[in-house]
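task: produce atomic coordinates for the following.
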Amino acid sequence: MFYKSVVGEATAEKVIEKSRFLAYVSHIGDEEEAKAYLLKVRSLHPMATHVCYGYIADKLGNLQRFSDDGEPQGTAGMPILGVLKAQELRETLIAVVRYFGGIKLGAGGLTRAYAGCAADGLSAIPVKGYETGVELTLSVEYSEVNAALRFLEKQTVLSRDFSSEAEFTVIVKETDAAQFIARARDFLNGRVKFREGRRYFYPF
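Residues are numbered from 1 along each chain as shown. A predicted model of the protein is given here:
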C-alpha cells in the first residue's frame, strides 16, 4: 500500500484586507490525533475570530472532516479540505486561524483566502510517500564496523548500539528487505547477522 502525507508540522501566515490568516499543517495518525492538534491550535489562539479546518485522518481517504467555525457555510472548511483532496493527501490536517480585520471579504473572497492560506501551509512542509517499512537490525563484529558504516551511508539508521557487537537498526521498504539483506551479506562477505523488528508505515 502507498499513500502520500506530510511529514511533521508547519505554519504559514498572510494578511488579506487587514484580516490575519495563519495556517497550521500537521501529519495526523488518526482522528484522535486530529482532535488533539486542533485543541493545541485553539489554545495558541484563544482570541481568534475563527479556527476553520479540514482533515483526512486515514490511509484510504475515507475519514474526512471539516468545519467553517462560524464563517458562511462552504467558505472555509470545504476549501481547506479541497486543497488536501487536490493533492491526494492522507493523514493530514490543515487548520486556518483568522483574526478579523474589519473588512468583509464576501463568499468568494473568503473561499480564496482560506484555500490560498491552506496551500501556503502545504508548500512549507515536506510531502512524502508512505509505504510499509520493516526495521532490520544488523549485528557485526567490531572489525566490520567501518565496512558496515560505509554500506549504511545512504540508509535511514534509527539507532546504533555498541556492546558485545555493533548493532545498527535501519528502516527499509518491506518490498526491498530481501534485496537489502542480500546486498549487505555480499558487501560484508557474510560477516553480518540480521534481526527483523516492527513493521509500520514510514515516509520514504
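
pull the distance from the lengthiest strand in the chain to the chain's centre.
Counting residues, the longest strand found in the chain (DSSP state E) is strand 127-140. With Cα atoms, centre = their mean, to the nearest Å as the basis, strand 127-140 stands 16 Å off its chain's centre.

what's the spacing between the residue of the chain most remote from its centre and Arg191?
Most distant residue from the mean C-alpha position of the chain: Ser143, 38.6 Å away (Cα atoms, centre = their mean). Distance, Ser143 to Arg191, using Cβ to Cβ, to the nearest Å: 8 Å. For glycine as for every other residue, the C-beta is placed from the backbone atoms N, C-alpha and C.

repeat for Thr169
In terms of Cβ to Cβ, Thr169 sits 18 Å off from Arg191.

tell me the domain ranges of the chain?
2-125, 129-203 (automatic domain parsing).

for the shortest one, the averaged confidence score.
Rounded to a whole number, the mean pLDDT of domain 129-203 is 96.

repeat that for the first one.
Per-residue pLDDT values over domain 2-125 give a mean of 97.

now the end-to-end length of that domain.
Start-to-end span of domain 2-125 (Cα to Cα, to the nearest Å) is 19 Å.

check stretch 1-17 too.
Terminal-residue distance, stretch 1-17 (Cα to Cα): 44 Å.

what residues sit buried inside it?
Tyr3, Ser5, Val6, Glu9, Ala10, Thr11, Ala12, Ile16 (16 or more other Cβ atoms under 10 Å).

other SSEs contacting the biggest helix by length in the chain?
Counting by DSSP state H, the longest helix found in the chain is helix 106-123. Secondary-structure packing of helix 106-123 (3 or more Cβ pairs under 8 Å, 6 or more residues apart in numbering; DSSP states H and E): strand 9-16, strand 19-27, helix 77-86, strand 92-99.

do that again at 10 Å, thanks
strand 9-16, strand 19-27, strand 50-56, helix 77-86, strand 92-99 (3 or more Cβ pairs under 10 Å, 6 or more residues apart in numbering; DSSP states H and E).

compile those into a markdown table and extend it with columns for distance to Phe66.
Listed next are these as a markdown table, based on distance: least, Cβ to Cβ, whole Å:
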| stretch | distance to Phe66 |
| --- | --- |
| strand 9-16 | 19 |
| strand 19-27 | 14 |
| strand 50-56 | 4 |
| helix 77-86 | 3 |
| strand 92-99 | 10 |
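
out of the ones you listed, which comes closest to Arg198?
strand 19-27 (18.4 Å; Cβ to Cβ).

what lines up beside that closest one in the sheet?
Strand 19-27 sits in its sheet next to strand 9-16 (antiparallel), strand 92-99 (antiparallel), going by DSSP bridges.
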